[in-house]
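Undergrad: Okay, predicted coordinates and the sequence, questions at the end:
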Amino acid sequence: MELNKLDEYIGNLKLVRIERHFAEDYITGFVHGKSDTLLIMQQFHDFYYEGYAIIRLSDIVGFRSKKYERFFEQMLEKEGLLCQVKSDYSLPLNSIKETLSFFITTDILLIVECESSGNAEDDEFYIGKPIDIENSSLWFREFNGLGKWEQTEVEISINDITKIQFETPYIQIFSKYVSFD
């Protein structure tokens, strides 16, 4: 599979379906950038904007952008949803460590996932704020399902991170109800 062909989709409003080897086996959206190791795309699922995902190229097993995606683009256009697609979103993508270092300097909340190629029950899901990077670990402050910030930070191995999401409806809505005390 030639991942360099994904370059032709960067910023051109062509819907792409990225297939990966995890329980959530595909992501559909618009590619905004790519490095030798990472890809950022603006996600759409069932005609809804789903924020941004940064994924590892090494996890991609295939992609397509053909007649099905052209048809979906037409529907998104007629529903007035293509206006939600930004064509100029960029951030450092040379490594997950570099990308996370960028987010540490912002107030942007993230979902960090460590997906397994086996059972989805083995996946790890973190929502909150990246705090620091030490060697090959990310220190992350989470908020829980009750909207409370955890008192201690969790250590996440950077090598285990398979997806970083931000500006998702889940984050945007949930964060309105998080206690910041």
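TA: Cool, got the structure.
Undergrad: ok, the strand ranked longest in the chain: who's next to it in the sheet?
TA: Longest strand of the chain, by residue count under DSSP state E: strand 124-134. Paired strands of strand 124-134, with direction, are strand 110-114 (antiparallel), strand 137-142 (antiparallel) (DSSP bridges).
Undergrad: Just the CA atoms of it, as PDB, please.
TA: This file holds the C-alpha atoms of strand 124-134, laid out as PDB (Å, rounded to 0.1, in the frame of the first residue of the first chain):
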ATOM      1  CA  GLU A 124      -7.300   2.600  27.000                       C
ATOM      2  CA  PHE A 125      -9.100   5.900  26.800                       C
ATOM      3  CA  TYR A 126      -8.100   9.100  28.500                       C
ATOM      4  CA  ILE A 127      -9.800  12.500  28.400                       C
ATOM      5  CA  GLY A 128      -8.300  15.700  29.700                       C
ATOM      6  CA  LYS A 129      -5.100  17.700  29.400                       C
ATOM      7  CA  PRO A 130      -1.500  16.700  28.600                       C
ATOM      8  CA  ILE A 131       0.700  18.100  31.400                       C
ATOM      9  CA  ASP A 132       4.300  17.100  30.700                       C
ATOM     10  CA  ILE A 133       6.500  14.700  28.700                       C
ATOM     11  CA  GLU A 134       9.400  12.900  30.400                       C
END
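Undergrad: Look at the residue nearest the centre of the chain and give its secondary structure.
TA: In the chain, the C-alpha nearest the mean C-alpha coordinate belongs to Ala53, at 1.6 Å (Cα atoms, centre = their mean). Per DSSP: H, G, I helix; E, B strand; the rest coil, the secondary structure class of Ala53 is strand.
Undergrad: Is it possible to get JSON lines of the strands paired with strand 124-134 that adds distance to Ile60 and mean neighbour count?
TA: C-beta here means a position set from N, CA and C on the backbone, and glycine is covered the same way. Conversion of those to JSON lines gives the following (distance: least, Cβ to Cβ, whole Å; neighbours: other Cβ atoms under 10 Å):
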{"stretch": "strand 110-114", "distance to Ile60": "15", "mean neighbour count": "21"}
{"stretch": "strand 137-142", "distance to Ile60": "22", "mean neighbour count": "19"}
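Undergrad: and those as CSV, adding distance to Ala23 and mean pLDDT?
TA: Below are the strands paired with strand 124-134 laid out as CSV (distance: least, Cβ to Cβ, whole Å; pLDDT from 0 to 100):
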stretch, distance to Ala23, mean pLDDT
strand 110-114, 11, 96
strand 137-142, 21, 97
